[in-house]
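S.K.: Below: sequence and its predicted model.
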Amino acid sequence: MNSLSPEEENFVRLNLLLTGISPRAVRTMFDYEFAPICLDATLKKEFNKLKDLQKKRVINQSQWNLLTPRFPDCPDSNNFDVTLMILLQTSDVIDSSSWRAISRLGGHHMKLECDKLRTKTLDQSNREIMLDIKQSNNEIRELKQSVEILKKSSEDTVPWNVRGEYTLIDVG
């Protein structure tokens, strides 16, 4: 098989950074700034500010559900997506005085991982990962088409296996 082009190598590096290291780094910093044990109380304290962000559509409905779960559940940063954690860290909604540069988000260990990724030699397995990603995207498209077909068929009130078996008899 051919080796990866520079563009493909950069894509794989960026993908590994965005899906592997960055979320862990952001979550580590988020949990450092907003202790998980106090997260519920902190969010309740700033409820009105968060509600304003929801009304302005800065926070979407699924993120809102994570911030305000039904009783007896409590918010858990392990369920938050990266954009929500960054929003809470960088906005002045919740006091966050220790936001640092991206390379220091997860501490020295995560910075070393980022540095390794920058110069990592991409081998054949990485190409296979990229091809798997492309294949997964194709499968997602096919599944979406199947869902649309199922939606259309569910709108039909007469099941396919019953259609034509029975005829209406006029009793009147």
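M.R.: Good, I have the coordinates. Quantities reported herein were computed from a predicted structural model and do not represent experimental measurements.

S.K.: and the gap between the most centrally placed residue in the chain and residue 128?
M.R.: Nearest to the mean C-alpha position of the chain, by Cα atoms, centre = their mean, lies residue 81 at 5.2 Å. As defined by Cβ to Cβ, to the nearest Å, residue 81 lies at a distance of 27 Å from residue 128. For the C-beta atoms, the positions are set from N, CA and C on the backbone; glycine is no exception.

S.K.: other SSEs contacting the helix or strand hosting residue 14?
M.R.: In this assignment (DSSP states H and E), residue 14 forms part of helix 6-16. Here helix 6-16 touches helix 107-119, helix 124-155, going by 3 or more Cβ pairs under 8 Å, 6 or more residues apart in numbering; DSSP states H and E.

S.K.: closest to residue 68 out of these?
M.R.: Ranking the helices and strands packed on helix 6-16 by their distance to residue 68 (criterion: Cβ to Cβ) puts helix 124-155 first, at 28.9 Å.

S.K.: ok, residue 15 touching residue 134?
M.R.: No - using Cβ atoms under 8 Å as the test, residue 15 is too far from residue 134 to be in contact (11.6 Å).

S.K.: what about these two, which has more around it?
M.R.: Neighbours per residue, other Cβ atoms under 10 Å: of residue 15 and residue 134, the larger number sits with residue 15, 14 against 10.

S.K.: ok, residue 67 - how many residues close by?
M.R.: 22.

S.K.: If you could redo that for residue 89, that was the one I meant.
M.R.: By other Cβ under 10 Å, neighbour count at residue 89 equals 19.

S.K.: how near is it to residue 132?
M.R.: 32 Å.

S.K.: Extract the C-alpha set from the helix holding residue 14 and format it as CSV.
M.R.: Extracted C-alpha coordinates of helix 6-16, given in CSV (Å, rounded to 0.1, in the frame of the first residue of the first chain):
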residue,chain,number,x,y,z
PRO,A,6,1.5,14.9,4.0
GLU,A,7,-2.1,16.0,4.1
GLU,A,8,-3.2,12.6,5.3
GLU,A,9,-0.5,12.5,7.9
ASN,A,10,-1.6,15.9,9.2
PHE,A,11,-5.2,14.8,9.2
VAL,A,12,-4.4,11.7,11.3
ARG,A,13,-2.2,13.7,13.7
LEU,A,14,-4.9,16.4,14.1
ASN,A,15,-7.6,13.7,14.6
LEU,A,16,-5.6,11.9,17.2
